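From the sequence below, what's the structure:
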Amino acid sequence: MSFSVREAAREAPTRIALVDDDGALTWAEVAARLPPPGAPPVVLTAHARRADVLRIWSLLDAGVPFALLHARWTAAERAAARRRLEAAAPTAQAVVFTSGSTGRPKGVCLSAAALGAAAEAHARALPWAPGDRWLLAMPLGHVGGLSILTRALWSRGAVALGQEGFAPDTFCDDLARLEVTLLSLVPTMLDRLLERGVAPPPRLRAALLGGAACPAELLARGREAGWPLLPTYGTSETCAQVATQRLEDPRPEGVGPALPGVSLRIRDDHVEVSGPTLFDGFLDDPTPEGSSPGTWYRTGDLGRLDADGCLHVLGRSDDRIVSGGENVDPLEVEAALRSHPAVRDACVVGVPDPRWGQRVAAMIVGDVEPEVLRAHLAPRLAGFKHPRRWARADALPVAASGKVDRRAVRDQLSG
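Coordinates of the predicted model:
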């Protein structure tokens, strides 16, 4: 298999490739409608709509480098990413952005070979069946959304396009109307579906559950309600999936064994990955540790492998916040808060939340109200990065090391 749309059209001309409210397109029809890829690198703020899917497939087919920006970013965030892309002039097949520890999103460079290896590994773990349709419910600015397109193209399967954004009622209508059989969810979405008492449609045969830690209790409730859930774990730097439970072996805990061709190990309690799905480096750091062939990439997550080789992810080794499947870098939010003249200092942490996994919370040093700071952040940061819980202090707590004691801040904001 390959990322050639024209090969897909020759091999499976009558097989459905794309379905939405305007009807269905076969792979032959997709090949005939591909837009010109354009001059590289192409920078897209892509949405779950037919024109954007065809554009991305066109770029993959032509091997033209492209970068995907998050649709929920502000204009300022998109402009900053474009400036970095212009300065770096990446040659990787795709660049996706993810939060890191540097105070701004990291640009992850993914080769066509890595994307292909990831699509093949996925297909070996969860083979596509004739007539399968995968609902594109993940943002295309995430590697999780892009991977739905690459998996479908690789396996000559179909992508289904419903309403953009998530609302339980319209989401379930999309599943039934578009005859969806495969799906990706984050725990927040599952929690809202269960809260509404929504049952899965009969045609749905698998739902990957990832993007954030899923409590065992939520997984159990979802399965009791009939959802065919497969917990999964992955990162942008590994082209999404690393480990996934299998349909034939559902487990009450853990995210399953490594995908075929991918190697996992735990070193100093950290999850490390090796294999052909690894990235080619970052936009601002082309040769980070773990991006060379044959090396191990340390993900930044803590975990363990059980006797059966099933991975259990125990949390982050850094302070990154994952809220509703969205990565939030505390340093980026702190910098935006400190740019307000009344804020002398700020500390941003994630606090536990039963629905969102974590919520963004901020401790502020300065005489300013949260409403004022919300208005200040509105043009600077995407809404999912805004603090939902606030506290004011005369000074931030300091640990023995002299650094801000984030644990103390978290404990206070979690109360």
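
Does D308 fall in a helix, a strand, or a coil region?
Assigned state for D308: coil (three-state reduction, DSSP: H, G, I helix; E, B strand; the rest coil).

residues in contact with it?
By CB atoms under 8 Å, 6 or more residues apart in numbering, the residues touching D308 are P257. Any C-beta I mention is one placed from the backbone N, CA and C, and that applies to glycine too.

do R338 as well
Shown in contact with R338 (CB under 8 Å, 6+ apart): 345-346.

Quick check: phi and psi at it.
When read as degrees, to the nearest 10, the backbone of R338 gives phi -70, psi -20.

what do you get for V322?
Main-chain torsions, V322, degrees, to the nearest 10: phi -120, psi 110.

if I look at it, how far off is D280?
Counting by CB to CB, to the nearest Å, the gap from V322 to D280 is 24 Å.

same question, V108
Relative to D280, V108 is positioned 9 Å away (CB to CB).

hey, where'd the helices end up in the chain?
All helices of the chain, identified by DSSP state H, fall at 5-11, 27-33, 50-62, 75-88, 112-125, 143-155, 168-177, 187-195, 216-224, 330-338, 370-377, 406-414.

pretty sure L229 is in contact with G222, am I right?
Yes. With contact taken as CB atoms under 8 Å, L229 and G222 are classed as touching, separated by 5.0 Å.

more neighbours, these two?
L229 (25 against 22; other CB atoms under 10 Å).

Okay, and the beta partners of the more buried one?
A207 (DSSP bridges).

if we can go back for a sec, comparing V108 and D280, which shows the higher neighbour count?
Set V108 next to D280 and count neighbours by other CB under 10 Å: V108 wins out with 24 against 21.

tell me the contacts of the more buried one?
95-98, 143, 236-237, 279, 282-283.

how much space is there between it and R33?
29 Å.

What of G366?
Plainly put, G366 is 55 Å away from R33 if you go by CB to CB.

just for the protein, where's the confidence low?
Scanning the chain for pLDDT under 70 picks out 1, 99-103, 399-402.

how does it divide up, domain by domain?
Domain ranges of the chain: 5-316, 321-414, per automatic domain parsing.

Mean neighbour count, the ones you listed: which tops it?
Mean neighbour count (mean count of other CB atoms under 10 Å) peaks for domain 5-316 among the domains of the chain, with a mean of 19.

measure it end to end?
38 Å (CA to CA, to the nearest Å).

what does stretch 174-188 give?
Counting by CA to CA, you get 18 Å between the two ends of stretch 174-188.

How about stretch 88-97?
Terminal-residue distance, stretch 88-97 (CA to CA): 14 Å.

what's in contact with that stretch?
41, 60, 63, 65-70, 81, 85, 105-112, 115, 141-143, 146, 236, 280, 283-284.

Return the subset of these lying in strands.
66-68, 106-110 (DSSP state E).

Let me have these in JSON lines, extended by distance to D329.
Shown next, in JSON lines, are those (distance: CB to CB, whole Å):
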{"residue": "F66", "distance to D329": "23"}
{"residue": "A67", "distance to D329": "18"}
{"residue": "L68", "distance to D329": "18"}
{"residue": "K106", "distance to D329": "9"}
{"residue": "G107", "distance to D329": "13"}
{"residue": "V108", "distance to D329": "14"}
{"residue": "C109", "distance to D329": "19"}
{"residue": "L110", "distance to D329": "20"}
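
For those residues, work out which two are farthest apart.
Spanning the widest gap among the ones in strands among the contacts of stretch 88-97 are F66 and K106, at 17.1 Å by CB to CB.

isn't P168 right up against R196?
Yes. Look at P168 against R196 with CB under 8 Å: they come within range, at 4.7 Å.

anything in contact with each of the two?
By CB under 8 Å, 6+ apart, no residue touches both P168 and R196.

picking that back up, out of the contacts of V108, which is nearest to D318?
Set against D318, the nearest of the contacts of V108 by CB to CB is T98 (12.7 Å).

got the contact list for the closest residue to the closest one other than its chain neighbours?
Counting by CB to CB, 6 or more residues apart in numbering, S236 is the residue found nearest to T98 once chain neighbours are left out, at 4.2 Å. S236 makes contact with 96, 98, 106, 108, 110, 142-143, 279, according to CB under 8 Å, 6+ apart.

Could you point out which of the ones in strands among the contacts of stretch 88-97 is nearest to L190?
L68 (24.9 Å).

Name all residues that make contact with that closest one.
Residues in contact with L68 (CB under 8 Å, 6+ apart) are 44-46, 94-97, 140-141, 146.

how far does stretch 317-330 sit from the chain's center?
Its chain's C-alpha centre and that of stretch 317-330 lie 11 Å apart, by CA atoms, centre = their mean, to the nearest Å.

Go ahead and produce CSV holding the CA coordinates of that stretch.
Provided in CSV are the C-alpha atoms of stretch 317-330 (Å, rounded to 0.1, in the frame of the first residue of the first chain):
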residue,chain,number,x,y,z
SER,A,317,6.9,13.4,34.0
ASP,A,318,6.7,17.1,33.2
ASP,A,319,3.9,19.7,33.9
ARG,A,320,2.1,19.5,30.6
ILE,A,321,-1.7,19.7,31.1
VAL,A,322,-4.0,17.5,29.0
SER,A,323,-7.6,18.8,29.2
GLY,A,324,-10.3,17.1,27.1
GLY,A,325,-7.7,15.7,24.8
GLU,A,326,-6.0,19.1,24.2
ASN,A,327,-2.4,19.7,25.2
VAL,A,328,-1.8,22.9,27.2
ASP,A,329,1.7,24.2,28.0
PRO,A,330,1.7,26.0,31.3
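
For P250, find the nearest of the helices of the chain.
Of all these, helix 216-224 comes closest under CB to CB, at 7.2 Å.

Outside of the closest one itself, list whatever touches it.
For helix 216-224, contacts defined as CB under 8 Å, 6+ apart pick out 187, 190-191, 194, 209, 229, 231, 250, 252-253.

hmm, try it at 6 Å
With contact meaning CB atoms under 6 Å, 6 or more residues apart in numbering, helix 216-224 is reached by 187, 190, 194, 229, 253.

Surely the first one and G211 touch.
No. Contact between P187 and G211 fails when scored by CB atoms under 6 Å: they sit 7.4 Å apart.

ok, back up a step: which one of the ones in strands among the contacts of stretch 88-97 sits closest to N327?
K106 (9.7 Å).

No further queries at this time; thank you.
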